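Enquirer: show me the folded form of this:
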Amino acid sequence: MPGPSARWDAGVGVVKNYFQLREFSFTLRDDVYLRFQSFSSPQELERELQKINPYKIDIGAVYSHRPNQHNTVHLGAFQPQEKELVFDIDMTDYDDVRTCCSSADICSKCWTLMTIAVRIIDRALVEDLGVRHRLWVYSGRRGVHCWVCDDAVRKWSPALRAAAVEYLSLVKGGADTVKKVTLSHPVHPFIRRSVAVVQEYFERHALLGQDILGSPERWDRVLALLPEELREPLQAEFPRKKDSVQRWELLRARAERERERGRAGHPEWEVMLQLCFPRLDCNVSKGLGHLLKSPFSVHPKTGRISVPLDLQRLEEFDPFSVPTITSLCQELDAAGSDGEQEEGGDTEPKRRMRAPPHALQTTGGRAWPRTCGSWSSSWRRWRAPGGGSASAAAIFKEISEPWTLPVSPVLSLSPPLAAGVPWSSQTPRGCPCPGFVPFVLFFTQNPLNVSGHPCAGRC
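Expert: The predicted structure is shown next:
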């Protein structure tokens, strides 16, 4: 498989030896973990993926020396040189404010927290930190990841990365800390803009979805976040209100009355932010040596594909409807059967994709709609040069030939697969997700710059 020859806008070209210096890690059966894997060429990576069939693939930094030779260089000489700034937002970090689910479980009610997090962090990255190129993806299970790919940002030191995370963090304290948000005065513009985002979702998510004031046990946890002069009268009045919406309106009105009396502060904002503000994993973001699951790969627990998020239609995203490795293989099989029927007299057997054995027992959910990143639908939209629908055989032949990504700062997923890399129909049945290899080969050979809607409006 030849490597891609794409070049992004924004003046960023291919860095010499970028691919060879990029670290991969593989998780194999029985939690065998292989770090500091690197490869001389995309072809070598492809052969290794086909050979060992990893359960999980993570991407790390670009190093000063080839990662697979790190034991052969002088002590201290092997150092990470650059890496995308990444953010990991995991739903388990919200367990203290979720009433619907806990641990790795998610549902449509609590997924709103991810929508709020993406909106707050993405706006701050662009407007406050001057970031241009970022890719938001669903993790495949219970959260979202963001890859910031600006050339200058990739070279940030751990101290700069930690400062960025500190700027974007507001919820402080561990499991034993009751009040985790305390606002200073005057309130910073970033916090004011974040409150405005939270207010759009607060009634639907917190008051109706989570019903945070629906019982004495629940409203006691909220009242514990308020100053005493508010807590005691509300404790007496809450039982006379019929639901969370009325109780919250009472709380908000009393807080406003206290401000009119000259008491500074926004205790209702502190409650809203503690319940809804993004919770970042600082260690993932600040460490150059930290690895993160590759976009477009298969989650080993769910079988779901780590697909990009369309920021223009963020509220429409349904984590339970994304494609799975099983559904993709089934649709490829169906496309192959259609091709056989069209060609009629062709007796040559068609090679079919099969999910690896460890991915077959995953929960699939309904088929992903034809939206951003719907690779299986791209197969059906593919057209032969003459304009007619191409057969499966023609598709396989076409995508076995080299093709390159158009010059654009926007990552295009349309069509046929991910990032302008040929994908051979000779991929064996043991291969991981059919969408993974194309993306990884592009992502690791080129400094990645992506922004905005990943399908550039073509879906």
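Enquirer: the residue nearest to E84 when sequence neighbours are not counted and I305: what is the separation?
Expert: Leaving aside its sequence neighbours, E84 sits nearest to W147 (CB to CB, 6 or more residues apart in numbering; 4.8 Å). The way it works is simple: take the backbone N, C-alpha and C, and place the C-beta from them, glycine included. Separation of W147 from I305 (CB to CB, to the nearest Å): 16 Å.
Enquirer: coming back round to it: just give the number of residues close to the residue nearest to E84.
Expert: The tally of other residues near W147 (other CB atoms under 10 Å) stands at 22.
Enquirer: ok, now A163?
Expert: Per other CB under 10 Å, the neighbour tally for A163 reads 13.
Enquirer: what helices and strands are in contact with the lengthiest strand in the chain?
Expert: Assignment by DSSP state E gives strand 56-63 as the longest strand of the chain. In this structure, strand 56-63 makes packing contacts with helix 18-21, strand 22-27, strand 80-82, strand 292-293, helix 436-445, judged by 3 or more CB pairs under 8 Å, 6 or more residues apart in numbering; DSSP states H and E.
Enquirer: next, the angle from that strand to strand 22-27.
Expert: 160 degrees (axes from the mean of the first three to the mean of the last three CA atoms, to 10 degrees).
Enquirer: report the buried residues of strand 56-63.
Expert: K56, I57, D58, I59, G60, A61, V62, Y63 (16 or more other CB atoms under 10 Å).
Enquirer: what about the strands in the stretch 1-150 of the chain?
Expert: 22-27, 33-37, 56-63, 80-82, 85-90, 134-138, 143-148 (DSSP state E, counting those that start in this stretch).
Enquirer: ok, which of the ones you listed comes nearest R252?
Expert: For R252, the closest of the strands of the stretch 1-150 of the chain is strand 85-90, at 27.3 Å, according to CB to CB.
Enquirer: which helices and strands does the closest one pack with?
Expert: helix 108-123, strand 143-148, helix 158-167, helix 282-286.
Enquirer: low-confidence stretches in this structure?
Expert: Within the chain, the set of residues satisfying pLDDT under 70 comprises 1-16, 339-459.
Enquirer: would you tell me which of the helices and strands packed on strand 85-90 gets closest to K301?
Expert: Nearest of the helices and strands packed on strand 85-90 (CB to CB): strand 143-148, 12.5 Å.
Enquirer: tell me how far that closest one lies from the chain's centre.
Expert: Relative to its chain's centre, strand 143-148 lies at 4 Å (CA atoms, centre = their mean, to the nearest Å).
Enquirer: and that strand with strand 85-90, angle?
Expert: Using the same axes, to 10 degrees: strand 143-148 against strand 85-90 is 170 degrees.
Enquirer: let me know the next secondary structure element after strand 143-148.
Expert: Following strand 143-148 in sequence order, the next helix or strand is helix 151-154 (DSSP states H and E).
Enquirer: so what does that next one touch, helix or strand wise?
Expert: Here helix 151-154 touches no other helix or strand, going by 3+ CB pairs under 8 Å, 6+ apart.
Enquirer: go through it and flag the buried ones.
Expert: Those would be D151, V153, R154, for helix 151-154 by 16+ other CB under 10 Å.
Enquirer: tell me, what residue is most central in the protein?
Expert: Centroid-nearest residue in the chain, with CA atoms, centre = their mean: V137, separated by 2.6 Å.
Enquirer: can I assume that residue is in contact with L311?
Expert: No. Applying CB atoms under 8 Å as the test, V137 and L311 come out as separate, 11.6 Å apart.
Enquirer: so who does the residue nearest to the centre of the chain touch?
Expert: Listed by CB atoms under 8 Å, 6 or more residues apart in numbering, the contact partners of V137 are V144, H145, C146, W147, P295, F296, S306, V307, P308, L309.
Enquirer: state the distance from the fourth one to L207.
Expert: Pointing back at W147 there. Taking CB to CB, one finds W147 at 34 Å from L207.
Enquirer: just the third one next, same as before
Expert: Distance from C146 to L207, counting by CB to CB: 28 Å.
Enquirer: with the last one instead?
Expert: To L207, L309 is 26 Å away according to CB to CB.
Enquirer: could you find the closest non-adjacent residue to F36?
Expert: F36's closest residue in space is P67 (CB to CB, 6+ apart), at 4.1 Å.
Enquirer: OK, contacts around the one you found?
Expert: L21, R22, E23, F24, R35, F36, Q37, S38, G60.
Enquirer: any of these buried? List them.
Expert: L21, R22, E23, F24, F36, Q37, S38, G60.
Enquirer: out of the residues you listed, who's nearest V271?
Expert: G60 (38.8 Å).
Enquirer: isn't that closest one right up against E23?
Expert: Yes. Using CB under 8 Å, G60 is in contact with E23, at 3.4 Å.
Enquirer: need the residues touching each of the two.
Expert: With CB under 8 Å, 6+ apart as the test, G60 and E23 both reach R35, P67, L291.
Enquirer: part of a helix, is E268?
Expert: Yes. Counting by DSSP: H, G, I helix; E, B strand; the rest coil, E268 falls inside a helix.
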